[in-house]
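Below is the structure, and that's it, no one-letter string:
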């Protein structure tokens, strides 16, 4: 469920870590029928008087905890002209409070044998530490401290702004594939703020000030806008005591208000973006479709989209891979994904790249043939079962990862879902029918709801 | 210079009137060499103590005046989530003050033998009356009154909001060609607020409130943000006395601040939008390129773009028309235009439609051939001279229109230009060289700075 949101959508220093977790889980599972197990954890979920939510996920396999604070704010909540402020503030949250000096936060965590990081997405920003259980009191105190008492001077802000600009430069501006995806996202959403990159537009980032950061901090970093997630060697009582000690006394600094983003108008025209760049090694095709999400279902079963993405293009037994790579020997790779953890619209993507000597046009035509067949005839029974079993097995294996457990609850609660959506995910997958998938495919895979991107190497004379 | 901004960019009740003026002027001029005359009017331009600018353009041919108040605010200045508020406020400005009852404004003008209207664009909003010279005192008083004393209740706002939504429905939503242009504009500008339609996004218009309108009014409708333009049977002294009486006493309610819009990042990829709609009669091709403007020239002579647009695609002697319509009999029409009156980026467009039986692909290929030739070889001497003479003749004929005179000054002063840019326009055109045109063409006509739109009739089975 969360595989896709990790890679490519988040700007966080843990990207490699998360990607490693995800891919290790995904590729280590054999495609056999596994016994279905509900997510067998005793999750506690409650709300403090000041509105802050608390989620406790016991996991006693090792004496460690994953301690996370999630804020219900992301790039899609940014004010006009300040694209990148949510992510910039994430950087600045490490700059210290009265108690903790500049850049000291991470050093303290390390000195106590832990790891820490943070990440920003379109709908959430999260801070976490993985540490020995007996240091939970320490890190919770530190997290509460910076929720309430962040201090910023221009000596903190100006250099860090340059760091963010360099991050943008190296991850996006110097990477043609990232640039193309950025263009596509800005075209997929004509109006909705999901069209902005989380890292922000360079010209707006360039002008972000200390005042911008503090305004955003005061408006959104407040207990009623936050969710504490603790997974690990804890009991609900232990966490409750610590939350009462550290978070319950905090007062709300603002009422962030409803997360009302301008909804995307009806999509009426297929879009294309063709990018030529001298830095491109091999050409590639990708297409993003607007899709329902787990929060806004539009009459579709979003779990059917998870199944569709799996069957269509996740790995070497998927339809796209078998057709384009194995059978026709036309593509070097072909895949699809579904991203449904969003407060507003989700997205569905297909990608493919031609083998040497074959053209993007041929690849696109072949992709369209496969999609047309799926829209008309759906998946085979075998494809359906295999995809469902694979996904359910993934869910089981994901239990191994304490971080993954905590992460899943944080994502859900910040993107309009419930704890039961997480614990019941595997069961929801099991209940997906062929009809569900067919209906979802027909709803989503309409060209006028999509943007297609072609990335090729630049010719010597550019037009 | 202003031909293009009138039709299609403005939402105003005078659209037909202005279009009629423009087209009458444009098509009545024979393409012969006319003596060049500088714009021979004695324009007075000064600023009141409260910051309001005044422009007086004497024109004693008939005892009438064109009285205009321009505000340096348009759709590109709107706050986030309130697309359409600038235009909506324009509607609401007719709803009355303490002195003047709801919808009375226009009735009073009519009773006094005048006409009145208003229009909103991306960079300006303007209100005007055309009336007998001896009623200038009356209408100036009324305009000053509503600049300072607009009153709004929900009984004013809610029904008028429905009117605006219906305007959007009939002009855009029920018009496939307008819908496509709206899509193209939203793709041409990835970031800049010019990407929004002046009429606004339906979902945002739907939520505009009385409070939104009053906030916008107080922030932007203030003397230092306004320009009075009076053309007609007046002297500078007469206008000065009346301006001192009506506008000078007004105090500023706000400082609107610098008009800082997020600038468009470097454009790196050619975009396309393909729209299929059952309401489409005949297919058409159009392409918009990002371009310099008169305010932001980017090292290019924008008058050369006026000349290029004229030579390339204005009328039956233009390059596109001769090639595609006359010679190859491939297109039913073909044209180009340049829109340079903008505070930020301008745009350059080409359009064409195939004759029955010919394809859009052929038309596009032919357009590309013509553009390629212009980029490589520029215009012929004959084309250059003819285009320049035609434009200069247009300027002379435009003097006939009192409204046009006033309008030109208003547009200039709200889009980063000066009075001398208006009076000197014909001379600037005269000075354009073939080299200027070649340089401008090579700068603008690069596919990666463009979005291409194809409009076709929908097939029975849509994908």
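On my side now, so go ahead. None of these values were measured; they are calculated from a predicted model.

going forward, measure contacts between C-alpha atoms and count neighbours the same way
Fine.

Could you break chain A into its assigned domains?
A:13-246, A:271-457 (automatic domain parsing).

Distance from the shortest one to the middle of the chain?
When you say that, I think you mean domain A:271-457. Remark: domain A:271-457 is offset 15 Å from the chain centroid, using Cα atoms, centre = their mean, to the nearest Å.

how about that domain against chain B, any contact?
Yes. Counting by Cα under 8 Å from any Cα of the partner chain, chain B is contacted by domain A:271-457 at A:271, A:272, A:273, A:274, A:275, A:276, A:445, A:446, A:447, A:448.

mean pLDDT for the domains of chain A: which is lowest?
Confidence, taken as mean pLDDT, is least for domain A:13-246 of the domains of chain A (a mean of 89).

Let me know the pLDDT of residue A:8.
Per-residue confidence (pLDDT) for residue A:8: 31.

what's the closest of the domains of chain A to residue B:252?
The stretch from these with the least distance to residue B:252 (Cα to Cα) is domain A:13-246; that distance is 25.1 Å.

hmm, back to that, with mean neighbour count and distance to residue B:241 added, can I get the domains of chain A in TSV?
Formatted as TSV, the entries for the domains of chain A read as follows, by neighbours: other Cα atoms under 10 Å in any protein chain shown; distance: least, Cα to Cα, whole Å:
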stretch	mean neighbour count	distance to residue B:241
domain A:13-246	19	42
domain A:271-457	21	56
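
Make TSV out of these and add distance to residue B:189.
Converted to TSV, those look like this (distance: least, Cα to Cα, whole Å):
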stretch	distance to residue B:189
domain A:13-246	10
domain A:271-457	13
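
do you know which of those lies nearest residue B:157?
Across the domains of chain A, the minimum distance to residue B:157, taken as Cα to Cα, is reached by domain A:13-246, at 24.5 Å.

check whether the closest one contacts chain B.
Yes. Part of domain A:13-246 sits near chain B under the criterion Cα under 8 Å from any Cα, namely A:79, A:80, A:81, A:180, A:183, A:186, A:187, A:190, A:201, A:202, A:203, A:204.

Are we agreed that residue A:234 is in a helix?
No. The assignment for residue A:234, made by DSSP: H, G, I helix; E, B strand; the rest coil, is coil rather than a helix.

Next, give phi and psi for it.
Listed backbone geometry of residue A:234 is phi -140, psi 160, with angles given as degrees, to the nearest 10.

can you pull the contacts of it?
A:56, A:57, A:58, A:59, A:60, A:65, A:133 (Cα atoms under 8 Å, 6 or more residues apart in numbering or on different chains).

So which of the residues you listed are in strands?
In strands, defined here by DSSP state E, the members of these are A:56, A:57, A:58, A:65.

what would the residues you listed look like in JSON lines with distance to residue B:386?
Below are those laid out as JSON lines (distance: Cα to Cα, whole Å):
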{"residue": "A:56", "distance to residue B:386": "79"}
{"residue": "A:57", "distance to residue B:386": "79"}
{"residue": "A:58", "distance to residue B:386": "82"}
{"residue": "A:65", "distance to residue B:386": "79"}
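
So which of those is the closest to chain B?
Proximity to chain B was ranked across the ones in strands among the contacts of residue A:234 by Cα to the nearest Cα; first place goes to residue A:56, at 36.9 Å.

where along the stretch 301-450 of chain A do the helices fall?
In the stretch 301-450 of chain A, helices defined by DSSP state H, counting those that start in this stretch lie at A:302-313, A:319-320, A:360-377, A:381-398, A:402-414, A:419-423, A:425-430, A:434-444, listed in chain order.
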